[in-house]
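Visitor: below are the sequence and a predicted model; questions follow.
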Amino acid sequence: MPDRVIVEVDQDLCDLIPGFMTHKRADIDAIFEAVARRDYAEIRRIAHRIKGEGSSYGFDSMTEIGRALEHAAALRDDGAVTTLARQLLSYLDRVEIVFQPSAE
């Protein structure tokens, strides 16, 4: 099994994370479909959301991949978009979430 990626997430988000992760997988499927259509505006929209949501939930690597996806879409670089979408899928497959008590 590839190396696990440990991400610490606030315990208050534990009910939201399963749905969030499911939606990120759906986003990847949508990116692959958008690449096939050469719909760079859609790829940029999804990438922008991934970038912001990754940051909000504490998934820094997801944020970085989202940023790179957004840039690749702006350049209309199908190869880079595809590679980055695969990287995001690999990341999701390897991530292990550890819930931490709230700071409050």
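Guide: Alright, I've got the coordinates. For clarity, every value in this text was computed on a predicted model and none was experimentally measured.

Visitor: hang on, Phe32 in a strand?
Guide: No - checked against DSSP: H, G, I helix; E, B strand; the rest coil, Phe32 lies outside a strand; its state is helix.

Visitor: is it true that it touches Thr82?
Guide: Yes - here Phe32 reaches Thr82: they are 7.4 Å apart, a contact under CB atoms under 8 Å. The way it works is simple: take the backbone N, C-alpha and C, and place the C-beta from them, glycine included.

Visitor: what residue ranges in this protein score low on pLDDT?
Guide: For the chain, applying pLDDT under 70 flags the ranges 1-2, 104.

Visitor: quick revisit: got any residues that touch both of Phe32 and Thr82?
Guide: Counting by CB atoms under 8 Å, 6 or more residues apart in numbering, Phe32 and Thr82 have no common neighbour.

Visitor: need the contact list for the spatially closest residue to Gly58 that is not a sequence neighbour.
Guide: Leaving aside its sequence neighbours, Gly58 sits nearest to Val9 (CB to CB, 6 or more residues apart in numbering; 5.3 Å). By CB under 8 Å, 6+ apart, Val9 lies in contact with Ile17, Tyr57, Gly58, Ile97, Val98, Phe99, Gln100.

Visitor: same list (these) but as TSV, adding distance to Glu64, neighbour count and secondary structure.
Guide: Output for the contacts of Val9, formatted as TSV (distance: CB to CB, whole Å; neighbours: other CB atoms under 10 Å; DSSP: H, G, I helix; E, B strand; the rest coil):
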residue	distance to Glu64	neighbour count	secondary structure
Ile17	19	17	helix
Tyr57	14	20	helix
Gly58	13	16	coil
Ile97	18	19	strand
Val98	20	9	strand
Phe99	22	13	strand
Gln100	21	13	strand
